[in-house]
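**Q** Fold the stuff below for me.
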Amino acid sequence: MKSVSSIAAVVLLSTVWPAQAQTTSGGTLPKQIYGRVQVLDGSTIEFIKPRKIVRFAGYLAPRLDQVASTDGTEWPVGQVARAWLILRTLKHDVNCASVTTDVNGTILAHCFVEDTNLAATAIAEGIGYAFNFPGEPQVSAYFDIERRARGLDFGIWSDPKLPPPWNHKPDKPALPVAGSTSTESLDSGLPLPPPAPLDNSPRG
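**A** Presented below is the predicted three-dimensional model:
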């Protein structure tokens, strides 16, 4: 199997995307975006200057609220994916080659720190998935990398019951009924503070 670094060299040539989707709602799609970023989630970054939001093409990280269970130990797989990307990009310039935009106008791109393909490396380490939404670019090399990570039970693959992010349904806590006097949903298990004393001092 090819190494991640060698795959990075051919990713741009192996990507398939609709030729007509080469512009954003704001104009021409930039060919390259370079600079420092902040991480929004495990597969989305925002460049600080110029202000551009970029999602990695052919890759999807777990949702931020997802939790995996490995050998009886729960761990926040979505937050781990975000932290992994923060560590990879912190104090580094990121170089993204734009591919197209998604249905929301977000730029899809292949992004690198020096010679490291961020999406390919994340997949190899079991951080996220080789995936493309309908109509988005598919990177066949990423699926080859994913098969190896899955076979080794890396990261996300250590929990066979973890739903992929495109099938994840976040838990929605029940909201208290309007006008309800029940304190059940407000009880934190801690004693309530004493009521504030009345201010009986004379007013001028």
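
**Q** Does anything pack onto the strand or helix carrying Arg148? Which helices or strands?
**A** Using DSSP states H and E, Arg148 sits within helix 140-151. Applying 3 or more C-beta pairs under 8 Å, 6 or more residues apart in numbering; DSSP states H and E, we find helix 140-151 packed against helix 4-14, helix 118-124, strand 129-130. Heads up, the C-betas are built off the backbone N, CA and C, glycines and all.

**Q** Now for Thr89: which residues touch it?
**A** Arg36, Val37, Val39, Ile45, Val113, Leu118 (C-beta atoms under 8 Å, 6 or more residues apart in numbering).

**Q** Need the max-distance pair from the residues you listed.
**A** Arg36 and Leu118 (14.2 Å; C-beta to C-beta).

**Q** Settle it for me: which of the two has more neighbours?
**A** Set Arg36 next to Leu118 and count neighbours by other C-beta atoms under 10 Å: Leu118 wins out with 23 against 14.

**Q** need the contact list for the residue sitting nearest the centre point of the chain.
**A** Central residue of the chain (C-alpha atoms, centre = their mean): Gly42, 2.5 Å from the mean position. Residues in contact with Gly42, defined by C-beta under 8 Å, 6+ apart, are Ala61, Pro62, Leu64, Gly78, Ala81, Arg82, Trp84, Leu85, Ala122, Ile127, Gly128.

**Q** what's the neighbour count on the first one?
**A** What that stands for is Ala61. 28.

**Q** Equivalent analysis for the last one, please.
**A** Residues near Gly128, counting by other C-beta under 10 Å, number 28.
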